[in-house]
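Colleague: Kindly return the folded structure for what I paste below:
(chains A and B)
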2 protein chains.
Amino acid sequence: MRITLIGSGNVATHLGAAFTNAGHSIMQVYSPTLQNAVLLAYHVKAAATDNLSDISADTDMFVIAIKDDAIAETAAKLAPHNKLIVHTSGATGLDVLLSRSPKAGVFYPLQTFSKTREVKFTDVPVCIEGADENIHAVLTELAQSVSNKVYRVNSEQRKILHLAAVFACNFPNYLYNVASQLLAEHGMGFDVIRPLINETAQKVQENIPASVQTGPAVRNDEKTMQGHLHLLAHQPQLQQIYQLLSQGIIKMDKIG
Amino acid sequence: MRITLIGSGNVATHLGAAFTNAGHSIMQVYSPTLQNAVLLAYHVKAAATDNLSDISADTDMFVIAIKDDAIAETAAKLAPHNKLIVHTSGATGLDVLLSRSPKAGVFYPLQTFSKTREVKFTDVPVCIEGADENIHAVLTELAQSVSNKVYRVNSEQRKILHLAAVFACNFPNYLYNVASQLLAEHGMGFDVIRPLINETAQKVQENIPASVQTGPAVRNDEKTMQGHLHLLAHQPQLQQIYQLLSQGIIKMDKIG
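Modeller: The predicted structure follows:
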């Protein structure tokens, strides 16, 4: 397919590479910051622009990969055309594009991307939604050309998926940071705990989390939990987090 | 070394295998449940017993790998001898053994173990503490025979390490479970989010967590956070967790 990328951030960068590797052509890359557009355009052998009115309709699809609250506005600024427009946002409904064009869809790669870190895109789950069955079919084919994990997810489900991703990615990373700080405060490096973090994530690749829960809360080991709360005496916010998550574990369904 | 294992749970099982693989001899395995002692003893080619008074002093070291609140009592029940005694607990000081014998130490493998899951023990951080420099040297040599990651950690640091492990392992696993439940409630399987969990843990193997934090909270994206809280309207406990962790992220030191 001929694809125009609106955006040059983490998602646009990884999508651009994945599309190019799969044999698709990137036509243009837009970013309000020209140097970002130029850099990504260089990698995907496309033209760069920082002006939305320079975006050509000579393409098969527009992929809007920019921050959520700018999607509707940016889509509205594209010159009239009858091409497919998709966004890549987890938290945004299909409706923000439908007001612009009936040929709308969503192409949401469920992964945490950094520009500097390679991701094996064939393993990235791609969640697609199309305004109609035709669009769904086009997006399925496109998604399958870059990933082995293609899911059909409607707008309501995608919002839940985005929320679940916050619990499964953003919050655990914050807790890794808490661990890192606690270690640093007592003269220890983060290295000592990295293998544990890795193994914890590896365990749930083959098991469901409830079946591999460990720690004092799941054993209802009051003495250890009291000891931990005591160690956090000067960090009331961490105490609160400790108590709330421990209560959640104590109440969780252990059936697995 | 000739090693006697007091305990037959996850830690004793993995330690027994690691010691045996490194060429050490397991002399006896004790468990209050004979069938557990027999099973582990079979794997490590040792004798089994469910009676502490059957434990022989013909060994170089006793490794007590049982639940924390039984360590002191069990150590006290071993017949008089002048052999090294160590425990494997993160949350327990060296002092509980020192009252039994001056030849005391700690051999704490910082990993989450399940009996049914293989762990590459050479990658497991082993945190050791000895009552004196001699014991420290013996334990260092033993630890280095089974792991490439040996750390000297005193009792105070080890308690912090155990607390940090709750934040880095037990709490993230609980949050994976929350994600799994949210997905299930909306007709989606856990598979779609497994690659994200894996990548989140992989990222901090080479980076520090603060430098790879993503999500609405670190962007201070109020609209998305409000949307998420709205989706959790019927789960006030999850709302509270969402708010508390988001506040933590908003306040976290982004310097990386």
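
Colleague: would you list every one of the strands in chain A?
Modeller: A:2-6, A:25-30, A:47-49, A:61-64, A:84-87, A:104-109, A:126-130, A:150-152 (DSSP state E).

Colleague: count of neighbours near the nearest residue to A:Thr214 once chain neighbours are set aside?
Modeller: Nearest non-adjacent residue to A:Thr214, counting by Cβ to Cβ, 6 or more residues apart in numbering or on different chains: B:Thr112, 5.3 Å away. All C-beta atoms are positioned from the backbone trio N, CA, C, and that covers glycine. Close neighbours of B:Thr112, defined as other Cβ atoms under 10 Å in any protein chain shown, add up to 23.

Colleague: For A:Thr88, give me phi and psi.
Modeller: phi -120, psi 20 (degrees, to the nearest 10).

Colleague: which residues touch it?
Modeller: A:Val11, A:Ala12, A:Leu15, A:Val63, A:Ile64, A:Ala65, A:Val106, A:Phe107, A:Tyr108, A:Pro109 (Cβ atoms under 8 Å, 6 or more residues apart in numbering or on different chains).

Colleague: which two from these end up farthest apart in space?
Modeller: Using Cβ to Cβ, the pair of these lying farthest apart is A:Ala12 and A:Val106, separated by 15.0 Å.

Colleague: quick one: A:Leu94 and A:Val153, what's the gap?
Modeller: Going from A:Leu94 to A:Val153 by Cβ to Cβ, to the nearest Å gives 11 Å.

Colleague: Wait, A:Gly23 touches A:Ser145, no?
Modeller: Yes: using Cβ atoms under 8 Å, A:Gly23 is in contact with A:Ser145, at 7.5 Å.

Colleague: Neighbour count for the two, which is higher?
Modeller: A:Ser145 (15 against 9).

Colleague: Can you name the residues that contact that one?
Modeller: A:Ala22, A:Gly23, A:His24.

Colleague: Check it and give its pLDDT.
Modeller: We have a pLDDT of 98 for A:Ser145.

Colleague: got it, and the one 5 residues further on?
Modeller: The predicted local distance difference test score for A:Val150 is 98.

Colleague: same thing with the one 10 residues further on?
Modeller: At A:Ile160, the model reports a pLDDT of 97.

Colleague: tally of neighbours for it?
Modeller: Quick note: A:Ile160 (other Cβ under 10 Å) scores 20 neighbours.

Colleague: same check, this time on A:Glu206
Modeller: So A:Glu206, with other Cβ under 10 Å, has 9 neighbours.

Colleague: Tell me who's in contact with the closest residue to A:Met225 other than its chain neighbours.
Modeller: Nearest residue to A:Met225, sequence neighbours excluded (Cβ to Cβ, 6+ apart): A:Pro216, at 5.1 Å. Counting by Cβ under 8 Å, 6+ apart, A:Pro216 touches A:Thr224, A:Met225, A:His228, A:Ser246, B:Ala91, B:Val166, B:Asn170.

Colleague: quick one, phi psi at A:Pro216?
Modeller: Taking degrees, to the nearest 10 as the convention, A:Pro216 sits at phi -60, psi -40.

Colleague: any idea which of the contacts of A:Pro216 is least confident?
Modeller: Among the contacts of A:Pro216, B:Ala91 has the lowest pLDDT, at 90.
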